[in-house]
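Chemist: sharing a model prediction with you, sequence too.
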Amino acid sequence: KYPYRTGAIEEDYEVGQDLGAGQFAVVKRVRHRKTGKFYAAKYIRKRKVKTSRRGVPQEEIEKEIAVLQDLDHPRIVKLRESWNTANEIILVLELVSGGELFDYLAEREQLTENEAAGIIKQVLETISYMHELKIAHFDLKPENVMCLPGNVPAGGAPKIKLVDFGLSQRCDLGIEVTAMHGTPEFVAPEVLAFEPIGLEADLWSIGVITYILLSGCSPFQGDDKAETFQRIAQMDYSFDDEDFAGVSQDAKDFIEMLFTRNPLERATAKDCLKSSWIKRF
Ligand SMILES: Cc1ccc2c(c1)c1c3c(c(C)cc1n2CCCN)C(=O)NC3=O
């Protein structure tokens with residue numbers, strides 16, 4: 001039985017500005033009254049009735065809590081406590097105040113290979129740790145890679161932490177995917193083919209993120225969801241000369257290791273950490 005706090009979160013925290021919102025969750029900045037420390041509070045709307053389409057079933061929310069409790073790594077945000085209120089469950093999470101990698105990239109159009117490799121190396125180290133525990137993230141994208149504050153050494157990479165484990169799953173054996181609601185641009189082909197998916201799906205997403213960091217373009221993005229899915233299923237991507245001008249063959253080989261259709265042949269996080277593109281920085 002999970003030890004939820006009950007009562008009003010305002011008793012212990014000053015609730016500040018919204019940091020972001022998803023389909024059934026809002027994230028707000030909160031300040032612990034006694035210590036003055038800041039946290040991110042993720043308010044997840046509870047699904048009241050089985051047939052309702054609003055909110056998240058309590059057992060699904062508790063799966064996210066269980067995953068966060070199992071994970072203990074410097075690049076994964078820590079769960080401090082959870083509150084159970086009438087309409088919501090509120091996760092009080094470590095605040096990462098440097099903002100999303102998505103915004104970091106937007107300010108720079110594209111990154112140098114050094115910067116990109118420095119970021120991807122941290123993501124791979126974190127995913128390698130999670131995959132040893134047989135836990136998949138299943139929603140890796142630049143929006144869920146948060147940067148730590150503080151100036152970045154010239155040509156270096158910001159320190160990052162992964163957030164949002166709402167879609168994470170334990171994958172002790174190939175789990176049967178149902179309607180996998182990952183973000184279209186980043187889902188692996190096996191997800192679209194409704195084949196059993198596992199840890200390997202995260203590596204495909206890391207390939208998509210690497211492609212975006214180096215070129216500023218999204219490899220499979222179509223005009224709509226259907227076109228994006230079709231391009232992924234057909235492995236329809238290219239290294240456009242203009243977008244990839246100056247990008248090394250090493251970097252392209254790295255991405256191709258991850259855009260492998262057969263999950264069992266796809267590079268693992270450990271393989272990637274030994275690749276020459278990651279090792280040379
Ligand atoms: C400074 C800042 C800005 C936006 C934030 C966060 C922090 C943030 C955080 C978290 C989550 C789940 C979402 C968050 N969001 C929403 C957007 C994340 N994709 C979190 O767990 N810690 C955060 O700092």
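Modeler: Okay, I see it.
Chemist: what residues does the chain have near the ligand?
Modeler: Contacts of the chain with the ligand, taken as Cβ under 6 Å from any ligand atom, map to 19-20, 27, 40, 42, 77, 93-97, 99-100, 143-144, 146, 163-164. For glycine as for every other residue, the C-beta is placed from the backbone atoms N, C-alpha and C.
Chemist: filter those residues down to the buried ones, PyMOL style.
Modeler: Applying 16 or more other Cβ atoms under 10 Å to these, the buried members can be selected in PyMOL as follows:
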select buried, resi 19+27+40+42+77+93+94+95+96+99+100+143+144+146+163+164
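Chemist: any idea what the residue of the chain found nearest the ligand is structurally, helix, strand or coil?
Modeler: Here the residue of the chain nearest the ligand is residue 20; by Cβ to the nearest ligand atom that distance is 2.5 Å. Assigned by DSSP: H, G, I helix; E, B strand; the rest coil, the conformation of residue 20 is strand.
Chemist: now it. Nearest residue, chain neighbours left out?
Modeler: residue 27 (4.8 Å; Cβ to Cβ, 6 or more residues apart in numbering).
Chemist: next SSE downstream of the longest helix along the chain?
Modeler: Identified as the longest helix of the chain according to DSSP state H is helix 113-132. Next helix or strand after helix 113-132 toward the C-terminus (DSSP states H and E): strand 135-136.
Chemist: so what's residue 113 up against?
Modeler: 214, 247-248, 251, 277, 281 (Cβ atoms under 8 Å, 6 or more residues apart in numbering).
Chemist: about what we covered before: assumed the residue nearest to residue 20 was part of a strand.
Modeler: Yes - using three-state DSSP, the assignment for residue 27 is a strand.
Chemist: need the pLDDT of it.
Modeler: With respect to pLDDT, residue 27 has a value of 97.
Chemist: surely it meets residue 41?
Modeler: Yes - contact criterion Cβ atoms under 8 Å: residue 27 and residue 41 qualify, at 6.9 Å.
Chemist: state the distance from the residue nearest to residue 38 when sequence neighbours are not counted to residue 238.
Modeler: Of all residues not flanking residue 38 in the chain, residue 95 sits nearest, at 4.9 Å (Cβ to Cβ, 6+ apart). Note on residue 95: its distance to residue 238, by Cβ to Cβ, to the nearest Å, is 39 Å.
Chemist: and stretch 99-117, how far from the chain's centre?
Modeler: 16 Å (Cα atoms, centre = their mean, to the nearest Å).
Chemist: my error: substitute stretch 140-155 in the last question.
Modeler: 13 Å.
Chemist: kindly report the same for stretch 229-238.
Modeler: 21 Å.
Chemist: go on, stretch 45-57?
Modeler: The answer for stretch 45-57 is 24 Å, by Cα atoms, centre = their mean.
Chemist: what's the closest residue to residue 99 other than its chain neighbours sitting at in phi/psi?
Modeler: Spatial nearest neighbour of residue 99, excluding adjacent residues (Cβ to Cβ, 6+ apart): residue 147 at 5.9 Å. With angles defined as degrees, to the nearest 10, residue 147 sits at phi -100, psi 140.
Chemist: touching, residue 147 and residue 104? I think so.
Modeler: Yes - the pair residue 147 / residue 104 is scored as a contact, 5.3 Å apart, by Cβ under 8 Å.
Chemist: can you give me the strands for the chain?
Modeler: Assigned by DSSP state E, the chain shows strands spanning 13-21, 25-32, 38-45, 79-84, 88-94, 135-136, 145-147, 160-162, 169-170.
Chemist: what residues of the second one count as buried?
Modeler: Which is strand 25-32. 25-30.
Chemist: mind listing what's buried in stretch 121-137?
Modeler: Residues of stretch 121-137 classed as buried: 121-131, 135-137 (neighbour count, 16+ other Cβ under 10 Å).
Chemist: so how far is that stretch off the chain centroid?
Modeler: That offset, for stretch 121-137, works out to 11 Å (Cα atoms, centre = their mean).
Chemist: pLDDT weak spots in this protein?
Modeler: Residues of the chain that meet the criterion pLDDT under 70 lie in 174-181.
Chemist: distance of the residue nearest in space to the middle of it relative to residue 134?
Modeler: With distances taken as Cα atoms, centre = their mean, the chain has residue 140 as the residue nearest its mean C-alpha position (3.0 Å). Distance of residue 140 to residue 134, given as Cβ to Cβ: 16 Å.
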